[in-house]
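Q: What follows is a predicted protein model with its sequence.
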Amino acid sequence: MNSGTTVKTDEPSKADLATANAIGQSMVRLKRQMACAAAQLSKQGFEQASFGLLATLVNGGPQRSSSLAEALFTDPSTISRQVAHLVKEGLVERQADPADGRASVLAATQQGLAFFERHRRQRDVAIAQIVASWPAEDRTRFAELFERFADDYERMLPDILAERVAQARSEGEN
């Protein structure tokens, strides 16, 4: 999944590091709040990770388990457990792979599509309420910048992780 993008190795300036720290702290706060929300939803039998898998199938179409694991940066055994849950709930089904009838692909069912749309709408309403007091230009600009950040993060993450693993190995050898 290496994108060929190289991670910039120049030492960032103090100002860049201060900005990165502010972003990082905000990400930690957001992740903590999202984890609390996910915990509340899991008490109702709804797994946030399974929703991510369902969203990938809804947005990307039928896929093999291995493609889902790669797309979600997770282990195939984790995908297998989540798929089993989604199949049991009737949200995902196995279909013959059109490219290879011996294999199967996973696809969202009509019930899964309806479930996804209902929960996406609830999420969208909540976010709209959070930013309702912002000027329209701020909301639009935030959406643009946040998408850009997420795209860059997703694109660079494999390289960043590979660099960290290599660095940890070299430090372990010393």
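A: Thanks, I have the structure now. Here the structure is a predicted model, which means the values were calculated and not measured.

Q: Would you mind writing the CA trace of the lengthiest strand in the chain as PDB?
A: Ordering each strand of the chain by length in residues (DSSP state E) puts strand 100-108 first. What follows is strand 100-108, C-alpha atoms only, in PDB (Å, rounded to 0.1, in the frame of the first residue of the first chain):
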ATOM      1  CA  ASP A 100     -13.400 -15.600 -10.000                       C
ATOM      2  CA  GLY A 101     -16.500 -17.700  -9.100                       C
ATOM      3  CA  ARG A 102     -14.500 -19.800  -6.700                       C
ATOM      4  CA  ALA A 103     -14.000 -16.800  -4.400                       C
ATOM      5  CA  SER A 104     -16.500 -14.500  -2.800                       C
ATOM      6  CA  VAL A 105     -16.900 -10.800  -2.300                       C
ATOM      7  CA  LEU A 106     -18.700  -9.000   0.500                       C
ATOM      8  CA  ALA A 107     -21.500  -6.600  -0.400                       C
ATOM      9  CA  ALA A 108     -23.900  -4.400   1.600                       C
END
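
Q: hmm, who's touching that strand?
A: Contact with strand 100-108 is made by 54, 57-58, 61-65, 68, 83, 91-98, 116, as judged by C-beta atoms under 8 Å, 6 or more residues apart in numbering. For every residue, glycine as well, the C-beta is placed using N, CA and C.

Q: So for that strand, what gets flagged as buried?
A: By 16 or more other C-beta atoms under 10 Å, the buried positions in strand 100-108 come out as 105, 106, 107, 108.

Q: that older thread, in PyMOL, how would I select the buried members of the contacts of strand 100-108?
A: A single PyMOL command selects the buried members of the contacts of strand 100-108 (16+ other C-beta under 10 Å):
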select buried, resi 54+57+58+62+63+64+65+68+83+91+92+93+116
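
Q: Please narrow the contacts of strand 100-108 to those residing in strands.
A: Filtering the contacts of strand 100-108 for strands - DSSP E - leaves 92, 93, 94, 95, 96, 97.

Q: In JSON lines: these, plus distance to residue 132 and pLDDT.
A: Shown next, in JSON lines, are the ones in strands among the contacts of strand 100-108 (distance: C-beta to C-beta, whole Å; pLDDT from 0 to 100):
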{"residue": "92", "distance to residue 132": "34", "pLDDT": "96"}
{"residue": "93", "distance to residue 132": "38", "pLDDT": "96"}
{"residue": "94", "distance to residue 132": "42", "pLDDT": "94"}
{"residue": "95", "distance to residue 132": "41", "pLDDT": "93"}
{"residue": "96", "distance to residue 132": "46", "pLDDT": "90"}
{"residue": "97", "distance to residue 132": "45", "pLDDT": "86"}
